[in-house]
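Participant: Here is my input; please provide its structure:
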Amino acid sequence: SQIQVAGNNIAVGGDIIITINGTRIMNIDDLSCYLEENTVSGETVNLGIERNGATLTLAVKLGKRG
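Facilitator: Predicted coordinates for the structure are as follows:
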């Protein structure tokens, strides 16, 4: 399904983040802690995700935290 955020359609219930730069992510707290302790704005990280039963790796450039 999709929701609309700021005029953009966003898929809900799709990808699940399972790793960041090879480190296992079990929940949102793991992700937040990793980002805070190990990354800086503008850096590119590799996210391991589960999508429709397949495991993919995506390179993602980090923006500034608000």
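Participant: What strand or helix carries the residue nearest to the spatial centre of the chain?
Facilitator: Central residue of the chain (CA atoms, centre = their mean): Ile17, 5.5 Å from the mean position. If you go by DSSP states H and E, Ile17 is part of strand 16-20.
Participant: outside of that strand, which residues touch it?
Facilitator: 24-25, 31, 34-35, 45-51, 55 (CB atoms under 8 Å, 6 or more residues apart in numbering). For every residue, glycine as well, the C-beta is placed using N, CA and C.
Participant: Export that strand to PDB, keeping only CA atoms.
Facilitator: Listed in PDB are the C-alpha atoms of strand 16-20, where the atom choice follows Å, rounded to 0.1, in the frame of the first residue of the first chain:
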ATOM      1  CA  ILE A  16      13.200  -4.100   5.800                       C
ATOM      2  CA  ILE A  17      16.700  -2.900   6.700                       C
ATOM      3  CA  ILE A  18      18.800  -5.800   8.000                       C
ATOM      4  CA  THR A  19      22.300  -4.500   7.800                       C
ATOM      5  CA  ILE A  20      24.200  -1.200   7.500                       C
END
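Participant: Okay, buried residues for it please.
Facilitator: Buried residues in strand 16-20, defined by neighbour count with 16 or more other CB atoms under 10 Å: Ile17, Thr19, Ile20.
Participant: Low-confidence ranges, the protein, go.
Facilitator: Flagging of the chain using pLDDT under 70 yields the residue ranges 1-3, 11-12, 66.
Participant: residue ranges for the strands of the protein, please.
Facilitator: Using DSSP state E, the strands of the chain run over 2-5, 8-11, 16-20, 23-24, 44-51, 54-61.
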